[in-house]
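Asker: Can you look at this prediction? I've put the sequence above it.
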Amino acid sequence: MKQSEIIELTTDELKERMDIERASLHKLKIMHVVSPLENPLQIRDARRNVARIKSELGRRVAIENKG
């Protein structure tokens, strides 16, 4: 998920997407422990997506508290 796509989403959509991405990351980690993933870079991508969404949510909260 690109940053430009994240910015276009509403706050509620971001929260829903955060839950989905966290669940996906957790699932990927467990699958990788059981048997190695074909593409372990999926874990990195999922982790970075969570971080991007979390950063955008934090930015929006800061803007709301400021104004």
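Answerer: That came through, no problem. These numbers come from a predicted model, not from an experiment. Numbering: from 1, shown residues only.
Asker: if I look at the spatially most central residue of the chain, how far off is residue 11?
Answerer: Compute the mean C-alpha point of the chain, and by Cα atoms, centre = their mean the closest residue is residue 50, 2.1 Å away. Distance of residue 50 to residue 11, given as Cβ to Cβ, to the nearest Å: 16 Å. Where C-beta positions appear, they are placed from N, C-alpha and C, glycine not excepted.
Asker: for residue 28, same thing?
Answerer: From residue 28 to residue 11 the distance is 26 Å (Cβ to Cβ).
Asker: now residue 29
Answerer: Distance, residue 29 to residue 11, using Cβ to Cβ: 27 Å.
Asker: do residue 39 as well
Answerer: Distance of residue 39 to residue 11, given as Cβ to Cβ: 31 Å.
Asker: How about residue 67?
Answerer: Distance, residue 67 to residue 11, by Cβ to Cβ: 15 Å.
Asker: Mind checking which of these two has more residues around it?
Answerer: residue 11 (12 against 5; other Cβ atoms under 10 Å).
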